[in-house]
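Novice: Sequence first, predicted model second:
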Amino acid sequence: MRPPLPGEAAAAAPETVRAPRRRPGWLKPVVFMASLGPAAWTGGRFFTDRLGANPITTALNELGLATLILLLASLACTPLKLVMGWTWPLALRRMLGLFAFFYVCLHFGVYVGLEQFFDVSEIAKDIVKRKFITVGFAAFVLLISLAVTSTNKMVKRLGFARWKRLHRLVYLAAILGVIHFVWREKVVGVEQITYAVVLAVLLGVRLWAPRRSPPRASRA
Amino acid sequence: MLIKRPSDVRSSEITSLGVYLRRRELMIGGAAGVISALAGCKSKAAEVARLPGVKRGPFATDESQTAFKDITTYNNFYEFGTDKSDPSRRAHTLRTRPWTIAVDGEVGKPQVLDIDALLKMFPLEERIYRLRCVEAWSMVIPWIGFPLGDLIKRLEPTSRAKHVAFTTLLAPDQMPGQRSSSLEWPYVEGLRMDEAMHPLTILAVGLYGQAMPNQNGAPIRLVVPWKYGFKSIKSIVKLRFVESQPPTSWNLSAPREYGFYSNVNPDVDHPRWSQSRERRIGEILKRKTLAFNGYAAEVASLYRGMDLRTNF
């Protein structure tokens, strides 16, 4: 959930360990409420029968997309710091990551409960046989492991170095998530390409930025 | 206009007063269909707003019909975009008159058919068919049309005509989806001659008692109910009789995923998803997909001796 800031252990630690300076008090509540938006939007239309002819599939797709957006948002915090020198996005990283987990749970829940109606053998067959579901499920498992280790307590228990290594798996989860999105489509369109490019940029910045110009804030 | 027409024939010359009157009735019928559908009496709508002279055709399923609103707002018609809601939002730009269908290839006399003349050539029938999309959802649609075989007989294809190739309109100015390369344009499809001649196969010009909505493939489309929906090509402008198997759009796009035949087959999965079950639009629980979409008794014999796993 919490991608580490390369070469900067202190700033990558949870905000209780070292709070970023000058973060406005309204920031987290506002982002929290905004992150609930997609769930309210999809859920509201689902329960009032305004999701169109195939509401289950539509809800499934919308929640999957919300997962991807939140995951990319959580991965955008570090690049913003590296490129813009802003520290406030770091305070949002864990929350955005946990919202991505919230949405992937809803997405998986709709798949299990409504799309497959708890048909375990059909679900197992999907996960084994359909490669887009295989990668999607793998990403889900990775996100579970990151969500359960997202607390301050778990950071302490694992030790920061190990915790950091574990949480680098978010990169893999995001890559699998984008592949899941691309492979499920009959034709790859602008939307899929956009998500792939955004992810590539967010990951690319991490490789490129520290070497080029160490951000001002980094005093290791 | 991309379709070449003989310059000496104007639409006013070939469209009779009778057809004009009929077109008005089409529109009235259409409006009544919409009102009835909005009022929620979906199967009654077909009863009330039936096109004049439309008789009930054979093969009708008595399963409950999918709501008009769902049939006309949940569409795969990539010429208008890849989202299911794109066609209903964007297809109003399609101009369906004047409209002609060019007939050529292995045929006695190549010709250009005008849609209004074609509508007069055959009695219209209502055909209530299941439609199974390759994406594992399905509908029940009361189409209005006539058997493709009846038209083919009149066109007198030669003995070398073993297949029929169909082409959709190519008009990026009217079809915004054609400005992106989601598929190769124009959309093309094809049938073996015996499939094309089969009495189940129709050219549809309407549904729910009204003229075909643009998003469903106006003014004229193919309906082959035992094949996945994408075989039923929309907004047809060309019909070509050929000897060898013609190229088809989805097969060109992903040959491993979409075969030429594309018969509905619960035992042959799409490489990326299962085809064993389907969600009937309007229902929650999935139902089992039937071989040949439930039309095995009528069409299974066409494929006797063929390995349907390799000829998927």
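Specialist: Everything's here; your move. Numbering: from 1, shown residues only, chains lettered A, B, ... in the order given.

Novice: Rounded mean pLDDT for stretch B:294-312, please.
Specialist: Here the mean pLDDT over stretch B:294-312 is 96, rounded to a whole number.

Novice: How about it and chain A, touching?
Specialist: No. With C-beta under 8 Å from any C-beta of the partner chain as the measure, stretch B:294-312 is seen stopping short of chain A, the closest distance being 15.6 Å. Using the backbone N, CA and C atoms, a C-beta is placed for each residue, glycine as well.

Novice: what bits of the stretch 1-150 of chain B have low per-residue confidence?
Specialist: In the prediction, the stretch 1-150 of chain B carries residues with pLDDT under 70 at positions B:1-52.

Novice: How about the residues of it by chain A?
Specialist: For the stretch 1-150 of chain B, the residues in contact with chain A under the definition C-beta under 8 Å from any C-beta are B:66, B:67, B:69, B:70, B:73, B:74, B:78, B:82, B:84, B:85, B:135, B:137.

Novice: report the longest helix in chain A, please.
Specialist: helix A:55-84 (DSSP state H).

Novice: Determine how far it lies from the middle of the whole chain.
Specialist: Taking C-alpha atoms, centre = their mean, to the nearest Å, the mean C-alpha location of helix A:55-84 is offset from the chain mean by 6 Å.

Novice: Report the mean confidence score over that helix.
Specialist: Along helix A:55-84, the predicted local confidence has a mean pLDDT of 96.

Novice: elements contacting it?
Specialist: Judged by 3 or more C-beta pairs under 8 Å, 6 or more residues apart in numbering or on different chains; DSSP states H and E, the packing partners of helix A:55-84 are helix A:27-47, helix A:93-110, helix A:169-184, helix A:190-212.

Novice: between it and helix A:169-184, how many degrees?
Specialist: Computed with axes from the mean of the first three to the mean of the last three C-alpha atoms, to 10 degrees, the direction of helix A:55-84 lies at 140 degrees from that of helix A:169-184.

Novice: if we can go back for a sec, of the residues of the stretch 1-150 of chain B next to chain A, which count as buried by neighbour count?
Specialist: A residue is treated as buried here by neighbour count (16 or more other C-beta atoms under 10 Å in any protein chain shown); on that basis the buried members of the residues of the stretch 1-150 of chain B next to chain A are B:66, B:67, B:69, B:70, B:73, B:74, B:78, B:82, B:84, B:85, B:135, B:137.

Novice: So the fifth one sits against residue B:85, correct?
Specialist: So the one you mean is residue B:73. Yes. Look at residue B:73 against residue B:85 with C-beta atoms under 8 Å: they come within range, at 6.3 Å.

Novice: For those two, list the residues in contact with both.
Specialist: Counting by C-beta atoms under 8 Å, 6 or more residues apart in numbering or on different chains, the residues touching both residue B:73 and residue B:85 are residue A:52.

Novice: Now do the strands in the stretch 201-312 of chain B.
Specialist: Ranges of strands in the stretch 201-312 of chain B, per DSSP state E, counting those that start in this stretch, are B:202-207, B:210-211, B:221-223, B:236-242, B:277-280, B:287-288.

Novice: Residues touching the first one, excluding its own?
Specialist: This points to strand B:202-207. Counting by C-beta under 8 Å, 6+ apart, the neighbours of strand B:202-207 from elsewhere in the structure are B:26, B:51, B:68, B:71, B:119, B:124-125, B:127, B:141-148, B:151, B:211-213, B:216-217, B:219-223, B:236.

Novice: Same check on the last one?
Specialist: By C-beta under 8 Å, 6+ apart, the list of residues contacting strand B:287-288 from outside reads B:266, B:276, B:277, B:278, B:279, B:280.

Novice: do the longest one as well
Specialist: In this structure, residues lying in contact with strand B:236-242 by C-beta under 8 Å, 6+ apart are B:2-3, B:99-107, B:155, B:157-158, B:161-170, B:186, B:190, B:203, B:217, B:220-222, B:246.

Novice: Pull out the buried members of these.
Specialist: Neighbour-count burial (16+ other C-beta under 10 Å) is assigned, among the contacts of strand B:236-242, to B:99-103, B:105-107, B:155, B:157, B:161-170, B:186, B:190, B:203, B:217, B:220-222, B:246.

Novice: near chain B, which residues of chain A?
Specialist: Counting by C-beta under 8 Å from any C-beta, chain A sits next to chain B at A:52-54, A:56-57, A:114, A:117, A:122, A:125-126, A:129-132, A:183-187, A:189-190.

Novice: how about a cut-off of 6 Å?
Specialist: Among all residues of chain A, those adjacent to chain B (criterion: C-beta under 6 Å from any C-beta of the partner chain) are A:53, A:54, A:117, A:130, A:132, A:187, A:189.

Novice: List only buried entries from those residues.
Specialist: Buried among the residues of chain A next to chain B by 16+ other C-beta under 10 Å: A:53, A:54, A:130, A:132, A:189.

Novice: can you tell me how far the nearest residue to residue A:80 once chain neighbours are set aside sits from residue B:94?
Specialist: In space, residue A:80 comes closest to residue A:89 once its chain neighbours are excluded; the distance is 4.4 Å by C-beta to C-beta, 6 or more residues apart in numbering or on different chains. As for residue A:89, its distance to residue B:94 is 46 Å (criterion: C-beta to C-beta, to the nearest Å).

Novice: next one: residue A:72
Specialist: The span separating residue A:72 from residue B:94 equals 36 Å under the rule C-beta to C-beta.

Novice: Let me see the ranges of the helices in chain B.
Specialist: Using DSSP H, the helices of chain B run over B:11-14, B:17-39, B:42-48, B:68-73, B:86-90, B:115-121, B:148-155, B:193-197, B:249-253, B:296-299.

Novice: out of the helices and strands packed on helix A:55-84, nearest to residue A:67?
Specialist: Residue A:67 lies closest to helix A:93-110 among the helices and strands packed on helix A:55-84, at 4.0 Å (C-beta to C-beta).

Novice: Tell me the first helix or strand C-terminal of that closest one.
Specialist: Per DSSP states H and E, the first helix or strand lying C-terminal to helix A:93-110 is helix A:120-129.

Novice: If you count contacts, what does that next one end up packed against?
Specialist: Packing contacts for helix A:120-129, counted by 3 or more C-beta pairs under 6 Å, 6 or more residues apart in numbering or on different chains; DSSP states H and E, involve helix A:131-148.
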